[in-house]
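Chemist: Predicted coordinates and the sequence they were generated for:
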Amino acid sequence: MTPPANANERVVIAESGDVLLTLRNPGAPFAVWEREAEDGDAADKSVIKEEGKEDEDADQDLKVEGPPQKRRRMAERSRQGAEIQDDLGDDPERPCFVYQVSSQHLITASPKFKSEIMSWSENHKTDDGFYHMDTADWDPEAFAILLNMLHLRFRQVPKMLSLELLAKVAKLVDYYQCWEAFDLIADVWVRHARAYHPIPGTYSRELMLWILVAWVFKEPLLFNNATKIAIQ
């Protein structure tokens with residue numbers, strides 16, 4: 001599949017499309033996994049019981065249970081998150097992706113898109129002749145795959161995905177409630193992904209991604225195997 005255009009360039013999914021769909025803050029962190037760091041903290045907690053008052057204040061604000069190193073890290077991330085959110089704001093200069101799409105295709109394939117689009121009136125169309133929609137935080141490559149599938153542009157959709165990208169697409173499919181549109185291609189993706197990313201035998205981020213993929217794409221055997229490993 002041709003990679004998405006550079007940020008701020010229009011990606012034409014439907015040449016006669018009547019909607020400009022803007023993806024803001026593309027590529028936000030996905031499925032962040034901190035268990036390994038937490039395990040390391042737990043091993044050291046007997047050595048770091050006494051901490052300064054600053055750490056205690058942060059602990060009280062966050063009310064996070066666990067070793068002091070973990071709580072200190074969470075306090076710092078909370079502060080960083082607030083700073084990042086302040087920086088994002090509504091800055092029109094921040095990079096984003098704009099997709100030209102068809103409202104009819106979106107309505108047909110996705111109840112979530114349909115709900116939003118059907119609430120529009122003719123006055124919703126701007127002077128440029130397009131309706132405008134916004135979304136945020138999705139991976140741009142995964143989002144382009146979603147839109148190409150919903151517009152039946154199958155030649156623009158890859159037949160093999162990494163587990164990471166497959167999980168990102170699965171999250172989109174579930175969010176936009178368009179499971180049926182992916183029934184056939186999902187079987188192909190899962191088969192290829194399993195060949196290169198076998199289900200791990202231990203509790204891990206990769207195992208969680210497989211559980212997500214199996215749940216969204218209705219793979220009961222895969223789901224049962226992955227959840228059994230997680231429970232054990």
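Modeler: Yes, it's here.
Chemist: Domain ranges for this structure, per the record?
Modeler: As given by automatic domain parsing, the domain ranges for the chain are 35-88, 159-232.
Chemist: Just give me the lowest mean pLDDT stretch among the ones you listed.
Modeler: The stretch with the lowest average pLDDT out of the domains of the chain is domain 35-88, scoring a mean of 44.
Chemist: Just to check, residue 157 is in contact with residue 149?
Modeler: Yes - with contact defined as CB atoms under 8 Å, residue 157 reaches residue 149; the gap is 5.8 Å. To be clear about C-beta, it is placed using only N, CA and C from the backbone, and glycine gets the same treatment.
Chemist: Break down the chain into its helices, ranges please.
Modeler: For the chain, helices defined by DSSP state H occupy the ranges 35-44, 53-62, 68-88, 103-109, 111-117, 140-150, 163-175, 183-196, 205-216, 220-231.
Chemist: So the closest residue to residue 217 other than its chain neighbours versus residue 207, what's the distance?
Modeler: Closest residue to residue 217 apart from its sequence neighbours, by CB to CB, 6 or more residues apart in numbering: residue 186 at 4.0 Å. Separation of residue 186 from residue 207 (CB to CB, to the nearest Å): 19 Å.
Chemist: Looking at the two, which one has more neighbours?
Modeler: residue 186 (22 against 18; other CB atoms under 10 Å).
Chemist: Against residue 145, how distant is that one?
Modeler: 11 Å.
Chemist: what does residue 167 give?
Modeler: Distance, residue 167 to residue 145, by CB to CB: 12 Å.
Chemist: quick one, what contacts residue 202?
Modeler: Taking CB atoms under 8 Å, 6 or more residues apart in numbering, we find residue 202 in contact with residue 229.
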